[in-house]
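Undergrad: Need a 3D model of the sequence below.
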Amino acid sequence: MEYKNISVEVDEGIAVLKVNRPKALNALNVETLKEIQDALRELARREDVRGLILTGEGTKAFVAGADIAEMKDMGPQQAHEFSRLGHETLKMIEEFPWPVIAAVNGYALGGGLEIALACDFIYAREGARLGLPEVTLGIFPGFGGTQRLPRHIGRAQAKELIYTGEMLEAQRAYELGIVNKVCKAEELLEEAKNTLRRIARNGPLAVKVAKELVNRGLETSQEEGEELEISAWANMFASFDQKEGMGAFLEKRPPQFKGK
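TA: Numbers count the residues shown, from 1 in each chain. Okay, the predicted model is just below:
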């Protein structure tokens, strides 16, 4: 499928989705968000995909935020629709069936950091800058930043970053627990791919269900989350992958998982 504002490539089970608006520092507008949604739906249906990397075209920006030129003259109803579209897009990223890595190759500001926070892991290049600077524009994060950032780094740290609009260097974001790994620019994409390759060697059904459980557990009490885990864990023992994985271990051979 052809897109105007993004590009999508799949190689050896790993999909790479790039926001491709480098002249606008890969800023998000309505059209781009809708294209990301279309691509996510298509990739989720593909049987050959086992992981996804989100990144930005060029060397300056991952996603530098929402498109201010498009937002400037919005009224409340348009803003509501835009925020809803952003939330829906990020929820699709969060609920993508396979692991998702944000490869932050430059500025990840506002909606850009919010996209990254919806991913399973964030890898950032040295010198990349991340933040939620919306308050400097007279608004605040509208694509889930007020909800996801506190879940990543705790309420007090999140409040300080949101209230001040401060931008962080990648290393500081790593120290706070926002970023999983800081990489050299030329190694960023390959580091993300290597992680997805390692994950793909494991039981795909187990990885998929584990992701669902972690995500759902964050939305419920620990007791309810544990009940979900018990039920899902028991159901794994009806799967081919469980029999294959344990059989291979006992027979001292590599497992041949099927995701069933």
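Undergrad: How are the helices of the stretch 51-200 of the chain distributed by residue range?
TA: Ranges of helices in the stretch 51-200 of the chain, per DSSP state H, counting those that start in this stretch, are 68-71, 76-94, 111-117, 145-153, 155-164, 170-176, 188-200.
Undergrad: Dump those helices to a markdown table, plus mean neighbour count.
TA: Bear in mind the C-beta positions are built from the backbone N, C-alpha and C, glycine included. Formatted as a markdown table, those follow (neighbours: other C-beta atoms under 10 Å):
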| stretch | mean neighbour count |
| --- | --- |
| helix 68-71 | 14 |
| helix 76-94 | 16 |
| helix 111-117 | 29 |
| helix 145-153 | 17 |
| helix 155-164 | 15 |
| helix 170-176 | 18 |
| helix 188-200 | 18 |
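Undergrad: Turn those helices into TSV, including distance to residue 207 and mean pLDDT.
TA: Below are the helices of the stretch 51-200 of the chain laid out as TSV (distance: least, C-beta to C-beta, whole Å; pLDDT from 0 to 100):
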stretch	distance to residue 207	mean pLDDT
helix 68-71	37	88
helix 76-94	15	96
helix 111-117	20	98
helix 145-153	21	95
helix 155-164	28	97
helix 170-176	24	97
helix 188-200	6	97
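Undergrad: can I get those helices in TSV with distance to residue 32?
TA: Output for the helices of the stretch 51-200 of the chain, formatted as TSV (distance: least, C-beta to C-beta, whole Å):
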stretch	distance to residue 32
helix 68-71	10
helix 76-94	9
helix 111-117	10
helix 145-153	18
helix 155-164	24
helix 170-176	24
helix 188-200	20
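Undergrad: quick one, domains of this structure?
TA: Using automatic domain parsing, the domains assigned to the chain come out as 6-200, 204-251.
Undergrad: and the longest one, how far apart are its ends?
TA: End-to-end distance of domain 6-200: 25 Å, with C-alpha to C-alpha, to the nearest Å as the criterion.
Undergrad: Please apply the same query to the last one.
TA: Taking C-alpha to C-alpha, domain 204-251 runs 20 Å from one end to the other.
Undergrad: now swap in stretch 41-58 and tell me
TA: One end of stretch 41-58 to the other measures 25 Å (C-alpha to C-alpha).
Undergrad: Give me the buried stretch members for it, please.
TA: The neighbour-count check on stretch 41-58 (16 or more other C-beta atoms under 10 Å) flags 43, 49, 50, 51, 52, 53, 54, 55, 56, 57, 58 as buried.
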